[in-house]
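1. next one to model:
(chains A, B, C and D)
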Amino acid sequence: MRPDKTTSMREAIASFVRDGDTVALEGFTHLIPTAAGHEIIRQGRRNLTIVRMTADIVVDQLLAGGCVTKLVSSFVGNSSAGSLGELRRRIEHADPEPLEFEEYSHHGMICRYLAGAQRLPFFPLRSYAGSDLPSVNPAIRTVSSPYSDERIHVVPPVNPDVTIVHAQRADRAGNTQIWGLTGVQAEAVFAAHKAVVVVEEIVDDDVVRSDPNRTVIPAHAVDAVVECPRGAHPSFAQGYYDRDNAFYRAWSGISRDRERLREWMAEWVHGTADHAEYVAKLGEEFWAGLAVGEAMSLPVNYGRRL
Amino acid sequence: MRPDKTTSMREAIASFVRDGDTVALEGFTHLIPTAAGHEIIRQGRRNLTIVRMTADIVVDQLLAGGCVTKLVSSFVGNSSAGSLGELRRRIEHADPEPLEFEEYSHHGMICRYLAGAQRLPFFPLRSYAGSDLPSVNPAIRTVSSPYSDERIHVVPPVNPDVTIVHAQRADRAGNTQIWGLTGVQAEAVFAAHKAVVVVEEIVDDDVVRSDPNRTVIPAHAVDAVVECPRGAHPSFAQGYYDRDNAFYRAWSGISRDRERLREWMAEWVHGTADHAEYVAKLGEEFWAGLAVGEAMSLPVNYGRRL
Amino acid sequence: MITPSERLSVVASRELAGRRTVFAGIGLPTLAASLAHLTVAPELEIVYESGVCGAHPSHLPETIADAVLITGAEAVLSMPALFGYVLQGGHIDVGFLGAAQIDRWGNLNSSVIGDWHSPKVRLPGSGGAMEVMANAREVFVVMRRHDRRSFVDELDFCTSPGPDRALAEGIRPLGAGVTKVVTELGILARGGVGEPLRLVAVQPGVTVAQVREATGWALEVADDVTEIEPPTGAELRLLREDVDPDRVYLR
Amino acid sequence: MITPSERLSVVASRELAGRRTVFAGIGLPTLAASLAHLTVAPELEIVYESGVCGAHPSHLPETIADAVLITGAEAVLSMPALFGYVLQGGHIDVGFLGAAQIDRWGNLNSSVIGDWHSPKVRLPGSGGAMEVMANAREVFVVMRRHDRRSFVDELDFCTSPGPDRALAEGIRPLGAGVTKVVTELGILARGGVGEPLRLVAVQPGVTVAQVREATGWALEVADDVTEIEPPTGAELRLLREDVDPDRVYLR
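-> You can find the predicted model right below:
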């Protein structure tokens, strides 16, 4: 009997995200856990530390929702589509309040997750030499190699209270399958004390078990499984729906204007009871525009003892 | 135009394995590159340093072939089926000559490959504290964390002159797909100066490209691709043929008796021109006994822009 | 007639009550874990050193990497993920280990008999044993043979050190080290750092004196040594009919 | 009529002659690499920061993680593998980077205008730029704008340091740092450690004095400044018909 870890988004956020927590949200352009971010905003969480390599729209929204005191990130921008208005106001003008920002490079963030997942006190990487970043981030240090006179930079582990990732599918026990870009999701989950996986669909055990190499996150690392179709919008889910590039382009304008941003949040986050309502509000015609066709993988034979 | 890296086993070994080289052969129980090992013996390579986590039958054969001066490993045994006769004679009695043995644990070996693949001067791990192993292996050292008063053990990188792995399939450019146990093959390849991939079958580009997540080793890390069906015998290739457990059990007896071992080598390695002859000599009835049935993975949709 | 393998499997299975993840090799540990899954630990997941999580084998596996463990499994991980994220990451409740020698602190030798530099017998070495010892919450040892050659006052070589030896070097491992040793004679147990293995239970018909005699150090004995409950009919039926019907390991 | 984007893409593509692996972002770098693949570097493979190797996109990608880069690709790697094994492992011949500011040593700022602690403009930050600079054999910069706001005497903040700055800290990076800067005015180049960027070529109709005037430091000029060959008909045809037929980036 494998345990059944399925729950609703509301229940998962209520149970696993508390005020003051360190929350990692991962997904590199692909499978961004937006719906989970919106539910955190709806539930009014406060004083969160958000850990996310690419702090993009969902982070700007969490900031606008008043949920975030501190950000740990390696890229703060709206992809290549422009700026994050709320984030820039917070950092450039402490408006409406300051934002503590702990800044790394991408590989630095990856190495923090790797150290966290592997219970290591530090992780070495060949970045930072000559950069000004260590001068504004004292957590970036150096270690001497015991094999030569070489020094190398290191970063400390990150162990979020909870990591939330989005995936294509999982079984009820939490075996999670991702294809396309898999990013740093497995490491972020293993680094966390608790992990919530949001999926496009919960599938039968047999589906997962027909292809165990597709399981990027095994059940024993997962605490809750939430089925939330289209929960990665405006990002994409490979094979399910495409990226909403128009929304990315629109976000710079929305977020630049404080009043427009407030209205957007009121209508689309606070004004929807849950992600199903958000999806319905966008409308079937909208979703048809993001639909994708079929490009099926060829099956492989795992073999059966005769 | 992707480069065509396909070649014969004879040519690959002649080009990429030179006397005195450090050669990594990986594959954890699954997909052991035995045929490559036999070709190294046939070509009479000398003074090799063999790097292999589980030094098992193929290592005992390389020792018996007189190819090896030094072994770097974390497990020296014939799986759970008994002993390696030649290896024990070399280590216990320096018979017919001593074998230099640099010993680690499994995770220590994995971390050496990780450091090698990532061009790191060392890799930390939570093993070795209190063990006698560091007292006989001075390469196992400690580093102090710059974040606490903690010390942690480290191992140095390994960068083999060449790594040889066996896989189910690759395209002609070297994009290599493995399913079932993937072990440490990718890391061993990335750690090496040159890499040879031996496969059950070379497939059309479209087969590989229908499922890019299945590619464990990308083409740019591979220097040669050799098609050699059944080249992992007596180990197995998931979905292609099963493990020859009877041969594993027999090996303890064969290798315990120096004369019987010499005869076995004369008949099966030196007495066959190549692996195709070895396979044919075993006979179709034999191979029928290792045949496996079908257990196909369910396809996933990668999606197509409409 | 109950065989020693059956007895050891059943006794070890009971010790897994309520555990969730177990790191097991092939043979008695797999039998014990599989039986526990059907009895005292319904949520138990066996994790194999090869990278397999949540296996559903069609046949009893012959190695930790048997093809039947892969087909139909819930997940197959690379070795860096298995050793780094799962094991060193602290996700294993109980690890099973074997050894040629064990001492009173649960330190294990699987490397050599004699001197490492010119051994009388060269054994396989650590494999992942050292990592299981350092990173599993606790370790169970199942030893068919209980005699002074295996239960020694001093190891020829310490491959996999318990936490006491690690702490002596100033490094704190995650787990408690060996907490249970199940043998043909009885059960030795220790609570954790600073405690030696003590005899806590004997197999039916075995005396405390017999166990002491078979142990190479001055074995401490618990105040309340119990007699191990013999395998029940239900346990034996599950073991013989469901876990190992072909009697691959129940020889 | 040739647009600036076309000119920059063609000029940058020529610099990729014979290279095998290029780490490119979306936009001009992708156009340049794709054109080079069809002309001077037939074996060229573009590696994307998202983890895609050997992409065969059905449409021109809008981001480095565009779904069309994944479907039909030769390999998709996790980020630890991409940054650890491929990039830090030393498998990238040429990395393309952009920046808000560049100095004479090819150091780059993509973090802030003003002081980091209270910036006038908060820019996106490093992303993987620092890693590309440290680990690619060399780095090409394509800048649409060539003016004193971008080509500065002193960076407001050094995000991605060239090897000279790293060496000053006693650490030797793998690559040569920025070796080419392609702009609307010309090409700056440097050979490696210890060498500043020098003007080596100008776009047709541009004078050395103009480039000097647009550069925020005392720009050194090569002895033999050449005039850049205008895009050929073949180059333009490939770019317009095969690489970006919908003129997504060739605006």
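
2. residue ranges of the strands in chain C, please?
-> Counting by DSSP state E, one finds strands in chain C at the ranges C:21-23, C:45-47, C:52-53, C:75-76, C:94-97, C:101-102, C:108-109, C:112-115, C:118-122, C:138-143, C:178-183, C:186-189, C:198-202, C:220-227.

3. I misspoke; the intended subject was the stretch 201-306 of chain A.
-> Using DSSP state E, counting those that start in this stretch, the strands assigned to the stretch 201-306 of chain A run over residues A:215-217, A:224-227, A:292-293, A:304-305.

4. is chain C within reach of stretch A:98-112?
-> No. Applying CB under 8 Å from any CB of the partner chain, one finds stretch A:98-112 separated from chain C by no less than 12.7 Å. C-beta: built from backbone N, CA, C; applies to glycine.

5. now that stretch: buried residues?
-> A:99, A:101-112 (16 or more other CB atoms under 10 Å in any protein chain shown).

6. quick one, which of the strands of the stretch 201-306 of chain A is nearest to residue B:56?
-> With CB to CB as the criterion, residue B:56 lies closest to strand A:304-305 of those, at 21.8 Å.

7. need the contact list for residue C:104.
-> C:153, C:196-197, C:217, C:219 (CB atoms under 8 Å, 6 or more residues apart in numbering or on different chains).

8. if you set the cut-off to 10 Å instead, what comes out?
-> C:151-154, C:162, C:164, C:188, C:190, C:195-198, C:215-220 (CB atoms under 10 Å, 6 or more residues apart in numbering or on different chains).

9. can you tell me, leaving aside adjacent residues, what's nearest to it?
-> Closest residue to residue C:104 apart from its sequence neighbours, by CB to CB, 6 or more residues apart in numbering or on different chains: residue C:196 at 4.3 Å.

10. isn't that neighbour right up against residue C:103?
-> Yes. Residue C:196 is within contact range of residue C:103, at 8.9 Å (criterion: CB atoms under 10 Å).

11. looking at these two, which has the bigger crowd around it?
-> residue C:103 (22 against 15; other CB atoms under 10 Å in any protein chain shown).

12. for that one, what are its contacts?
-> C:109, C:151-155, C:158, C:162, C:165, C:178, C:196-197, C:216-217.

13. between residue C:196 and residue C:103, what contacts are shared?
-> Joint contacts of residue C:196 and residue C:103 (CB under 10 Å, 6+ apart) are residue C:217.

14. ok, residue A:258 to residue C:212 distance?
-> For residue A:258, the distance to residue C:212 equals 80 Å [CB to CB, to the nearest Å].

15. residue C:187 too?
-> In this structure, residue C:187 and residue C:212 are 14 Å apart, going by CB to CB.

16. ok, now residue A:121?
-> Applying CB to CB, the value for residue A:121 to residue C:212 is 43 Å.

17. tell me the pLDDT of the closest residue to residue C:119 other than its chain neighbours.
-> In space, and not counting its chain neighbours, residue C:119 is closest to residue C:112: 3.7 Å by CB to CB, 6+ apart. Model confidence at residue C:112, given as pLDDT, is 98.

18. in this structure residue C:123 contacts residue C:155, no?
-> No. Taking CB under 10 Å as the definition, residue C:123 is not a contact partner of residue C:155, at 11.8 Å.

19. mutual contacts of the two, please.
-> Joint contacts of residue C:123 and residue C:155 (CB under 10 Å, 6+ apart) are C:99-101, C:109, C:111-112.

20. which one among those residues gets closest to chain D?
-> residue C:111 (31.5 Å; CB to the nearest CB).

21. okay, now that closest one: neighbour count?
-> Neighbour tally, residue C:111, other CB under 10 Å: 30.

22. got any ranges where the chain has weak pLDDT?
-> Assuming you mean chain A. A:1 (pLDDT under 70).

23. nope, chain C
-> C:251.

24. list the contacts of residue C:28.
-> Contacts of residue C:28 by CB under 10 Å, 6+ apart are C:4-6, C:8-9, C:12-13, C:96, C:98, C:142-144, C:182, C:249-250.

25. picking up where we left off before, please say which of residue A:121 and residue C:212 ends up with more neighbours.
-> residue A:121 (19 against 15).

26. and that one, what element?
-> Residue A:121 belongs to no helix or strand when assigned by DSSP states H and E.

27. hang on, isn't it packed against residue A:156?
-> Yes. The pair residue A:121 / residue A:156 is scored as a contact, 7.6 Å apart, by CB under 10 Å.

28. joint contacts of the two?
-> Common neighbours of residue A:121 and residue A:156 (CB under 10 Å, 6+ apart) are A:115, B:145-148.

29. stretch A:285-294 near chain B at all?
-> Yes. Applying CB under 10 Å from any CB of the partner chain, one finds stretch A:285-294 touching chain B at A:288-294.

30. restricted to buried residues, select the shared contacts of residue A:121 and residue A:156 in ChimeraX.
-> Of the shared contacts of residue A:121 and residue A:156, the buried ones go into a single ChimeraX selection, burial set by 16+ other CB under 10 Å:
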select /A:115 /B:145,146
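
31. of the contacts of residue C:28, closest to residue D:130?
-> Distances from residue D:130 to these, taken by CB to CB, are shortest for residue C:96, at 44.7 Å.
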